[in-house]
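*Asks:* pasted the sequence and its predicted model underneath.
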Amino acid sequence: MKILFANLFVSFTSNSIVGYLKKMGYEVVEKTYYTPEDTYGDERLLNMIEKDVVATRCDCVFTVNIWPLAARACHNKRVPYIAWSYDSPQNLPTNQDLDYDTNFLFIFDRAEVELYHKEGIEQVYHMPLAADIERWDKIKTGSSAAGKVSTGSGKNASTESKIDGNTIGKKYDVSLLGTLYESTLPMLLSGMNEYHSGYVSGLVEAQKKIYGYFLVDDLLTDEFMKSLNQQFREKNPKMGEVSKKQMAYSIGSYLTYIERLSLLRLLGSRADVHLFSSKIKEETLPLLKDISIHDWVSYEEGMPKVFKESKINLNPSLRVIRSGISLRCMDVLGCGGFLLSSYQPEMAEYFVPDEEVVLYDSMEDAVEKTMFYLEHDDIREAIAHNGYEKVKAEFNYPKQLKQVFKTVGLES
């Protein structure tokens, strides 16, 4: 089978997927295209992809994440289009180009897949992500993963542990590698009247306390959104309409910011906590005075070192990832790291809590479990080892890619 692998944008998993496709015996023609100014309607890019589909005589086109232009090109040339997304939710303004019969769009979040099905988009399928175990096993630790931007109280400690026979020095008690997120919600709230701002603020407060279910989907009704947009138009006739998806993401990203900031602050006064991030607002830095803040690290080298060298890796999941297991989680486990994650339904479905991963369902629960596992090295390392073995056996690229091609009908 010949696969045209199209790189439209820089992505984390492209190198791993291409490498495994070749190892699995597929013929891969990799093409890298320029980044279009118009992601959804660039005719020049559309023509380039169509020409390459014809020239390569490929059996399918594969992209990381869903790109409507690639879907359109494949539909025009009647070639299967396969996309496997590590983003959730999808950053797509409309459902245009998603319902072609040539589309096979794979998303790791089952709840998001169900939302598309409710909207009549049937060409979307559930597929959990994978970890590149072979790549991560080769990463050696021992050197500093990144330079510090600023340093808090620095309660640093170093211990030794064993993962699959390799002695790994633990440089950090607790680490979070990820963005703090910025949200448009404060701006939107400032433009709402008392009724609408009160309703949205109530949603935020209710969702803060609930893990594993995104109730915003049910309570942002069509009637409420219609009323809200009418109010926005009356205040600013030039303002475009805010969709339900945009409002849900705005709320979810704001909740994620609050949760990550709160968790770091709570743990920072109790343990040696490290944040590896970028684009931290100046006004946020004083709130992280007890946290050691580091530069952003590279995905293929810096990231696995952080995961391997941390006693506990935090995953306060992006709240609009409704049920699925993010790439960060797969990579932490694939590096042999200990994962402490906010509760996600699919995490509890695919992994055994407290044996392969540890999940929390409140800030208090997260703090309590962090302190417990910092004090119990043997239990913590056993859980990390079990999680590593589960990912190695069940969430590896060859296994997941075979299932993708079986769903498409290109493999039996």
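*Replies:* Right, received. Where do you want to start? Numbers count the residues shown, from 1 in each chain.
*Asks:* domain assignment for this structure?
*Replies:* Following automatic domain parsing, the chain resolves into domains at 2-130+398-408, 133-181+259-395, 185-254.
*Asks:* any idea which of these scores lowest on pLDDT?
*Replies:* The weakest mean pLDDT among the domains of the chain belongs to domain 133-181+259-395, with a mean of 88.
*Asks:* and the end-to-end length of it?
*Replies:* Domain 133-181+259-395 stretches 9 Å from its first residue to its last (Cα to Cα, to the nearest Å).
*Asks:* CSV for the domains of the chain, including mean neighbour count?
*Replies:* Quick note: C-beta positions are derived from backbone N, CA and C, even for glycine. Shown next, in CSV, are the domains of the chain (neighbours: other Cβ atoms under 10 Å):
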stretch, mean neighbour count
domain 2-130+398-408, 18
domain 133-181+259-395, 19
domain 185-254, 15
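*Asks:* ranges for the strands of the stretch 151-300 of the chain?
*Replies:* Assigned strands in the stretch 151-300 of the chain, in chain order: 159-163, 166-170, 172-177, 273-276, 292-294 (criterion: DSSP state E, counting those that start in this stretch).
*Asks:* surely Leu203 and Asp217 touch.
*Replies:* No. The criterion here is Cβ atoms under 8 Å, and Leu203 misses it with Asp217 at 10.6 Å.
*Asks:* what sits against Val61?
*Replies:* Contacts for Val61 (Cβ atoms under 8 Å, 6 or more residues apart in numbering) come out as 3-6, 49, 53, 70, 73-74, 79-82.
*Asks:* that should have said Leu176, apologies.
*Replies:* Each residue near Leu176 by Cβ under 8 Å, 6+ apart is listed here: 260, 263-264, 273-277, 313-314, 316.
*Asks:* out of the contacts of Val61, list just those in strands.
*Replies:* Mapping the contacts of Val61 onto strands (DSSP state E) picks out 3-6, 81-82.
*Asks:* with those residues in mind, which one is nearest to Leu339?
*Replies:* Comparing those against Leu339 with Cβ to Cβ places Ile82 closest, at 28.7 Å.
*Asks:* who's in contact with the closest one?
*Replies:* Per Cβ under 8 Å, 6+ apart, neighbours of Ile82: 60-63, 104, 106, 404, 408.
*Asks:* please flag which of the residues you listed sit within helices.
*Replies:* Mapping the contacts of Ile82 onto helices (DSSP state H) picks out 404, 408.
*Asks:* turn the contacts of Ile82 into CSV, columns for distance to Thr221.
*Replies:* Formatted as CSV, the contacts of Ile82 follow (distance: Cβ to Cβ, whole Å):
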residue, distance to Thr221
Cys60, 40
Val61, 38
Phe62, 38
Thr63, 34
Phe104, 32
Phe106, 30
Val404, 36
Val408, 37
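*Asks:* can you map out the helices along the stretch 101-250 of the chain?
*Replies:* In the stretch 101-250 of the chain, helices defined by DSSP state H, counting those that start in this stretch lie at 110-118, 133-137, 185-190, 194-208, 216-219, 222-235, 244-268, listed in chain order.
*Asks:* any chance of the ones you listed in a markdown table, plus distance to Leu333?
*Replies:* Shown next, in a markdown table, are the helices of the stretch 101-250 of the chain (distance: least, Cβ to Cβ, whole Å):
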| stretch | distance to Leu333 |
| --- | --- |
| helix 110-118 | 19 |
| helix 133-137 | 10 |
| helix 185-190 | 32 |
| helix 194-208 | 27 |
| helix 216-219 | 28 |
| helix 222-235 | 38 |
| helix 244-268 | 20 |
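*Asks:* those: which one's closest to Asn91?
*Replies:* Smallest distance to Asn91 across the helices of the stretch 101-250 of the chain (Cβ to Cβ): 8.8 Å, for helix 244-268.
*Asks:* what's the angle from that closest one to helix 110-118?
*Replies:* Our comparison of helix 244-268 with helix 110-118, counting by axes from the mean of the first three to the mean of the last three Cα atoms, to 10 degrees, yields an angle of 170 degrees.
*Asks:* would CSV of the contacts of Val61 with distance to Ser412 be doable?
*Replies:* What follows is the contacts of Val61, written out as CSV (distance: Cβ to Cβ, whole Å):
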residue, distance to Ser412
Ile3, 17
Leu4, 22
Phe5, 22
Ala6, 25
Ile49, 28
Val53, 24
Ala70, 26
Ala73, 27
Cys74, 22
Val79, 20
Pro80, 15
Tyr81, 21
Ile82, 17
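*Asks:* state the pair within these that is farthest apart.
*Replies:* Among these, Ile3 and Ala73 lie farthest apart (Cβ to Cβ), at 14.8 Å.
*Asks:* quick one on the thing from earlier: closest to Asp331 among the contacts of Ile82?
*Replies:* Nearest to Asp331 out of these is Phe106 (Cβ to Cβ; 18.1 Å).
*Asks:* do I have it right that that closest one meets Tyr86?
*Replies:* No. Using Cβ under 8 Å, Phe106 is not in contact with Tyr86; the gap is 10.1 Å.
*Asks:* state the distance from the nearest residue to Asn229 once chain neighbours are set aside to Lys51.
*Replies:* Distances taken as Cβ to Cβ, 6 or more residues apart in numbering put Glu241 closest to Asn229, at 5.0 Å, once the chain neighbours are dropped. Per Cβ to Cβ, to the nearest Å, Glu241 is found 37 Å from Lys51.
*Asks:* what does Ser278 give?
*Replies:* Ser278 is 37 Å from Lys51, by Cβ to Cβ.
*Asks:* what do you get for Val358?
*Replies:* Distance from Val358 to Lys51, counting by Cβ to Cβ: 50 Å.
*Asks:* and if you look at Glu282?
*Replies:* Glu282 is 47 Å from Lys51, by Cβ to Cβ.
*Asks:* then Asp173?
*Replies:* Asp173 sits at a distance of 54 Å from Lys51 (criterion: Cβ to Cβ).
*Asks:* please name the bridge partners of Val28.
*Replies:* Ile3 (DSSP bridges).
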